[in-house]
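[1] Got a predicted structure here, sequence first:
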Amino acid sequence: MRKIVWNKYARLDYYKNIDYLLENWDETVTQNFVDAVNKIIEVLKKGQFDFQNTNITNIRRVVLTRQITLFYKTEDHSVELLRFWNNYQNPEQMNI
């Protein structure tokens, strides 16, 4: 099993997305997002990294919902979650 490490941007993005969903949608939609994140984290823990490469070395991405993409990088024994990026934002503003 690989260790999952949340960087400060990933943690901030994650909670901002939850806040947004609770304010603008409902608990079911919010729970679906949380469940999608937990499911992907379990896959990453098992060392299954076959998600899409990005143009940045060692950084991959996986679409969690139509609106949110998780960016992460892998190390020898860990996976670092980098951003939970809203797909409607300008990708040039994403600090990875």
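    Nice, thanks for sending it over. Residues are numbered from 1 along each chain as shown.
[2] use CA for all of it now, contacts and neighbours both
    Noted.
[3] so what strands line up beside the lengthiest strand in the chain?
    Counting by DSSP state E, the longest strand found in the chain is strand 78-86. When pairing is defined by DSSP bridges, strand 78-86 lines up against strand 3-6 (parallel), strand 68-74 (antiparallel).
[4] if you average pLDDT over that strand, what comes out?
    For strand 78-86, mean pLDDT rounds to 95.
[5] and the worst-scoring helix or strand of the chain on mean pLDDT, how far from the chain's centre?
    Least confident helix or strand of the chain, by mean pLDDT, DSSP states H and E, is strand 52-53 with a mean of 93. In this view, strand 52-53 has its centroid 13 Å away from the chain centroid, taken as CA atoms, centre = their mean, to the nearest Å.
[6] What is that strand packed up against?
    Applying 3 or more CA pairs under 8 Å, 6 or more residues apart in numbering; DSSP states H and E, one finds that strand 52-53 contacts strand 59-63.
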